[in-house]
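Chemist: sequence and computational prediction follow.
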Amino acid sequence: MNGKQTAGIVATLLLFLVSTQAAADQAALSKKLVLEINEKVIPAYQAGKPLTMLKALSPLMARIPEDRVEAVDSLLAEHQAPTLGELLVDARVSLVQQGFAKDAPRAHYREVLLTSTAMKDRIETVLAEKEAHPALAADAETPESFEDYDDLFWKIHVLEQQLANMTRIGDYAQKMTTSTRVNRKRLTEKQLAVLDFDFGPLQQGLKSLGETLQARSTELRIERIRFAIDTIRKSDDFKQKLLAALIIDLDGNHLQKMENADEELVAQVKQTRKSFSRLVKKSRLLHSGLHWWMRGRYGRGPEGAGLLKSEQALRSPQALFGLYMPVTTPTPTDPSDRSARPIPEVDRRHHYIWLYEYRQIGDRKVETHSVSQSTRTLTSKTTMSRFY
């Protein structure tokens, strides 16, 4: 027997042992619990509906003791779903980010123990980025072009959104831990420490970082306005003049709203807008169009693998407008190259949403089928069953 055959036998044996252990773990779960996870939780997760999934999964936490969590994780893994804790955290965080945390079901103390620590870790991760952020680093370089400024402001915007989300998550986590109803005598010291954790210092850290970021953003805007005025007056590059006109238009508005703004700079902005009024108007129209094109091309909703906005969008302008945008602008791939993953993944969004009532979104194509809801086979792909 050679080395490859031995390695193959060992790998097969390990796979068998893992499968056997997973089957043994799942055997410890009640049939009713397994059925509810398979028929309610998994379909909601695969359809990209965090609220529906949470309403199905959260009540089950009262029936899942700590020593059965791994068994549930094993069951979820069979459907290529995240672990129990990750499912709960991601669903609640998604609702918090959309501003609909109040619609979520009340968390059982076992769920609180799983999720509050993960939320704390996410806040600490964002706070730890302060020292390395290019706008706040001690050795930060001064931008030398509009592209440099644009890249820096985008990174500031990303961090601002993260701070806003983490602030909402911290508030939510604190309310969740303090409102948990449980007999404290039944809990271990470690569990009590989780429930008694004070998110106040973390919240103060987020607020302080936000104020520092805002002050730095104001400084950069003033620097960029001066750079734009100089460019639009002296440059022969029409593209650069268009960018300068946009900066003078947008940052000029911010400048006028600033307290104790430099009056001389404000006067320069007004004069430049007047002198280059036609260019400012053209730049405004062009970049407004580009903004909405980028939203349509690369924006992703919170549900349906990014194809759909949440159901709350029917009732809330905030949910209707909000989208997830890529941190780094993607580079589109050649549609004729079938070997590469397509970027963007959805080339003609309306075909995916309007054409079929039931469909599965794959990596390269749309597979359509007509089967009943009760007998539909769920796969690792995202299954869509409605649109709005």
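Modeler: Sure, I can see it. The structure displayed is predicted, hence computed values, not measured ones.
Chemist: every contact and neighbour count from this point should use C-alpha atoms.
Modeler: Noted.
Chemist: elements contacting the host helix or strand of Thr212?
Modeler: Take DSSP states H and E as the rule and Thr212 turns out to sit in helix 200-234. Applying 3 or more C-alpha pairs under 8 Å, 6 or more residues apart in numbering; DSSP states H and E, we find helix 200-234 packed against helix 109-127, helix 146-178, helix 238-257, helix 263-275.
Chemist: and the ones you listed as CSV, adding distance to Glu70?
Modeler: Below are the helices and strands packed on helix 200-234 laid out as CSV (distance: least, C-alpha to C-alpha, whole Å):
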stretch, distance to Glu70
helix 109-127, 13
helix 146-178, 23
helix 238-257, 53
helix 263-275, 62
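Chemist: so for Ala47, which of these sits nearest?
Modeler: Closest of the helices and strands packed on helix 200-234 to Ala47 is helix 109-127, at 22.1 Å (criterion: C-alpha to C-alpha).
Chemist: angle of the closest one against helix 146-178?
Modeler: Here the directions of helix 109-127 and helix 146-178 differ by 150 degrees (axes from the mean of the first three to the mean of the last three C-alpha atoms, to 10 degrees).
Chemist: as CSV, could you dump the C-alpha coordinates of helix 109-127?
Modeler: Extracted C-alpha coordinates of helix 109-127, given in CSV (Å, rounded to 0.1, in the frame of the first residue of the first chain):
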residue,chain,number,x,y,z
TYR,A,109,-31.5,34.5,27.8
ARG,A,110,-29.7,31.7,26.0
GLU,A,111,-29.8,33.8,22.8
VAL,A,112,-28.6,36.9,24.7
LEU,A,113,-25.6,35.0,26.0
LEU,A,114,-24.7,33.9,22.4
THR,A,115,-25.2,37.2,20.7
SER,A,116,-24.2,40.0,23.1
THR,A,117,-20.6,38.9,23.3
ALA,A,118,-20.4,38.8,19.5
MET,A,119,-21.9,42.3,19.3
LYS,A,120,-19.3,43.5,21.8
ASP,A,121,-16.5,42.0,19.7
ARG,A,122,-17.7,43.8,16.6
ILE,A,123,-17.7,47.1,18.3
GLU,A,124,-14.2,46.6,19.6
THR,A,125,-13.0,45.6,16.2
VAL,A,126,-14.3,48.9,14.7
LEU,A,127,-12.7,51.0,17.5
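Chemist: state the mean pLDDT of that helix.
Modeler: Mean per-residue pLDDT for helix 109-127: 90.
Chemist: again with stretch 44-59
Modeler: On average, stretch 44-59 scores 88.
Chemist: ditto for stretch 252-270
Modeler: Stretch 252-270 comes out at a mean pLDDT of 85.
Chemist: which residues sit against that stretch?
Modeler: Residues from elsewhere that reach stretch 252-270 (C-alpha atoms under 8 Å, 6 or more residues apart in numbering): Ile222, Ile225, Arg226, Ile229, Ile248.
Chemist: any chance of the residues you listed in CSV, plus distance to Ser283 and pLDDT?
Modeler: As requested, those are exported to CSV (distance: C-alpha to C-alpha, whole Å; pLDDT from 0 to 100):
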residue, distance to Ser283, pLDDT
Ile222, 20, 91
Ile225, 15, 92
Arg226, 18, 93
Ile229, 15, 92
Ile248, 10, 90
